[in-house]
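**Student:** Here's a sequence, model it:
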Amino acid sequence: MNPYVLTILLSSLGLGTTLTFASSHWLLAWMGLEINTLAIAPLMAQHHHPRAVEATTKYFLTQATAAAMILFASTTNAWMTGEWNINDLSNPIASTMFMMALALKIGLAPMHFWMPEVLQGLDLTTGLILSTWQKLAPLALIIQTAQTINPPLLTLLGITSTLLGGWGGLNQTQLRKILAYSSITHMGWMIIIIQYAPQLTLIALGTYIIMTSTAFLTLKLLMSTKINTLSTAWSKNPILMTTTTLTLLSLGGLPPLTGFMPKWLILQELTKQDMPIIATIMALTALISLYFYLRLCYSMALTISPNTTNLFTSWRAQTTQTLLPLAMTTTITLGLLPMTPAILMLTT
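**Tutor:** Numbers count the residues shown, from 1 in each chain. Purely as a prediction, here's the structure:
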């Protein structure tokens, strides 16, 4: 892609998210979301592969539907209350419609069906942008309006997302689809606590972005998109395989790794809110997610792929990628748990 065009598209991505962050008017927030969608569509279809074009079309139609629902909900709220301010979402019909639209935007269950299919058709770099940056603007709107949205709806969306995200990832062989279901699961953890402690949602979002970035950058370095290619990845870089295994366990929320921190804090807060049953259900759904991460670890550490000897020996190819971002995100993914008290102090 032409570097000037790429610069314009990436700048538009930043502009759309910043506009949504800074806006207090519904129309400006909607415009920011639309700029985001229009900016990422050419990045998704840049390889001109039929699968990429199909994924771009699915993504565009889904996001356009969600944007239309947001516009309709904000118009309904303005019609009923006379307010266009984001913080004055007092009409219950408009708030429910708005929450369902944003759930469709970020891929919360049961509006998650587009997410694995779209991510599967993209290259790993664009998939990383879709899984991380594109979540920021909708989540900012949800945080601003969380107190006006029906609490049982948020709880239901959170539990459904963690359950279906873990359940859907069990039978997958494509790594991008597994990361898509991982995204759905993590979004469920963020949504269920957003009404009680928004700062924990921010902590969960930050750790999710770092851990997912590590996973995508590692897969890009290894040129792996399927589980069976991981079984020969140890010959390319044994040390990287060790850290990748720990990264996947961190994504699953296993102590003493960083991924345990948001789950621990969220379960603690749910218990404080007298919701022990919900906390138990969330902990059990985390075990389902941990299982398919363990499948990946097993494939990397304990199996050897039955490949023929005339295959291209990809471990002999020298990489031209920058390793500094991967090293930094991997370090944070594996060792941030002791910093939990300091992080809590900064966010409260």
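**Student:** How about the contacts made by residue 17?
**Tutor:** Counting by Cβ atoms under 8 Å, 6 or more residues apart in numbering, residue 17 touches 32, 36, 133, 136-137. Where you see a C-beta, it was placed from the backbone N, CA and C, and this is true even at glycine.
**Student:** Please apply the same query to residue 116.
**Tutor:** Residue 116 neighbours (Cβ under 8 Å, 6+ apart): 168, 172, 176-177, 180-181.
**Student:** After the helix or strand containing it, heading C-terminal, what element do we hit next?
**Tutor:** Element membership for residue 116 (DSSP states H and E) is helix 114-120. Counting by DSSP H and E, the next helix or strand C-terminal to helix 114-120 is helix 124-131.
**Student:** Check the offset of that following helix from the chain's centre.
**Tutor:** Distance, stretch centre to chain centre, for helix 124-131: 10 Å (Cα atoms, centre = their mean, to the nearest Å).
**Student:** Can you give me the buried ones in it?
**Tutor:** Buried residues in helix 124-131, counted by 16 or more other Cβ atoms under 10 Å: 124, 126-131.
**Student:** Keeping just the C-alphas, turn the lowest-mean-pLDDT helix or strand in the chain into PDB.
**Tutor:** Within the chain, no helix or strand scores below helix 227-230, which has a mean of 83 by mean pLDDT, DSSP states H and E. What follows is helix 227-230, C-alpha atoms only, in PDB (Å, rounded to 0.1, in the frame of the first residue of the first chain):
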ATOM      1  CA  ILE A 227      -2.500 -25.000  15.400                       C
ATOM      2  CA  ASN A 228      -0.500 -27.600  13.500                       C
ATOM      3  CA  THR A 229       2.100 -25.100  12.400                       C
ATOM      4  CA  LEU A 230       2.800 -24.400  16.100                       C
END
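**Student:** for the stretch 101-250 of the chain, what spans make up the helices?
**Tutor:** 114-120, 124-131, 133-145, 151-168, 175-193, 198-222, 227-230, 238-251 (DSSP state H, counting those that start in this stretch).
**Student:** if you compare those helices, which one is most tucked away?
**Tutor:** Ranked by mean neighbour count, those are led by helix 175-193 with a mean of 26 (mean count of other Cβ atoms under 10 Å).
**Student:** thinking again about what came up before, can you list the contacts of residue 116 in JSON lines and add pLDDT?
**Tutor:** Below are the contacts of residue 116 laid out as JSON lines (pLDDT from 0 to 100):
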{"residue": "168", "pLDDT": "91"}
{"residue": "172", "pLDDT": "89"}
{"residue": "176", "pLDDT": "94"}
{"residue": "177", "pLDDT": "94"}
{"residue": "180", "pLDDT": "95"}
{"residue": "181", "pLDDT": "95"}
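**Student:** ok, so of these, who is nearest residue 49?
**Tutor:** Using Cβ to Cβ, residue 176 is the member of these that lies nearest residue 49, at 13.9 Å.
**Student:** The closest one: what's it in contact with?
**Tutor:** Contacts of residue 176 (Cβ under 8 Å, 6+ apart): 116, 119-120, 122, 124, 127, 225.
**Student:** So of these, which two are at opposite extremes in space?
**Tutor:** Most distant of those, by Cβ to Cβ, are 116 and 124, 14.8 Å apart.
**Student:** quick one on the thing from earlier: next, give me the two most distant ones among the contacts of residue 17.
**Tutor:** 32 and 133 (12.7 Å).
**Student:** just to revisit the earlier point, which of the helices of the stretch 101-250 of the chain has the lowest mean pLDDT?
**Tutor:** Among those, helix 227-230 carries the lowest mean pLDDT, a mean of 83.
**Student:** Give me the helices and strands touching that helix, please.
**Tutor:** When contacts are defined as 3 or more Cβ pairs under 8 Å, 6 or more residues apart in numbering; DSSP states H and E, helix 227-230 packs onto helix 276-302.
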